[in-house]
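Q: everything below, folded, please.
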Amino acid sequence: MKFNFEDFPEDSIVLDGLDDAIIGITEEFGGNGRILYSREKILDILQNRDGMTEEESVEFYYFNIVGLYASESNPIFLVTDKF
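A: This next block holds a predicted model:
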């Protein structure tokens, strides 16, 4: 599913080059929604597009993506491969 950037909540943090990993927009009481990314899709993009190994992509993901704090509107990441 492709999302239109106009659909994103105001002040959303969009991760450059990872549009294909967006799986939704969250809603919460008293706050703006945030962009929801699939962890598995991000890792797949890093491995296939950027040529990273699985270990490299996981390290990059946690250090550079999950470790990013830009604002209260940081994206949220869904992990489904551990269940």
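Q: beta partners for residue 37?
A: With DSSP bridges as the criterion, the beta-bridge partners of residue 37 are residue 22, residue 77.
Q: which residues touch it?
A: 15, 18, 21-23, 75-78 (C-beta atoms under 8 Å, 6 or more residues apart in numbering). All C-beta spots, glycine's among them, are computed from the backbone N, C-alpha and C.
Q: wait, which of those residues is closest to residue 67?
A: Out of the contacts of residue 37, the one with the shortest distance to residue 67 is residue 77. That distance is 11.4 Å, counting by C-beta to C-beta.
Q: ok, that closest one to residue 6 distance?
A: The gap separating residue 77 from residue 6 is 23 Å, by C-beta to C-beta, to the nearest Å.
Q: those two: who's more crowded?
A: When neighbours are counted by other C-beta atoms under 10 Å, residue 77 comes out ahead of the other of residue 77 and residue 6, with 18 against 5.
Q: what sits against the more buried one?
A: For residue 77, the set of contacting residues under the criterion of C-beta under 8 Å, 6+ apart consists of 36-39, 42, 65-66.
Q: tell me how far the residue nearest to the spatial centre of the chain lies from residue 30.
A: Geometric centre of the chain, nearest residue: residue 37, 3.4 Å, by C-alpha atoms, centre = their mean. Taking C-beta to C-beta as the criterion, residue 37 is separated from residue 30 by 22 Å.
Q: ok, residue 62 next?
A: 29 Å.
Q: the two: which has the busier surroundings?
A: Under the criterion of other C-beta under 10 Å, the comparison of residue 62 against residue 30 puts residue 62 first, with 11 against 4.
Q: quick check, that one in a helix?
A: Yes. Under DSSP: H, G, I helix; E, B strand; the rest coil, residue 62 sits within a helix.
Q: circling back to that earlier point, going through the contacts of residue 77, which ones are buried?
A: Buried by 16 or more other C-beta atoms under 10 Å: 37-39, 42, 65, out of these.
Q: where in the protein is pLDDT low?
A: Within the chain, the ranges that satisfy pLDDT under 70 run 1, 82-83.
Q: that one: helices as residue ranges?
A: 39-48, 54-60 (DSSP state H).
Q: having no further points to raise, I will conclude here.
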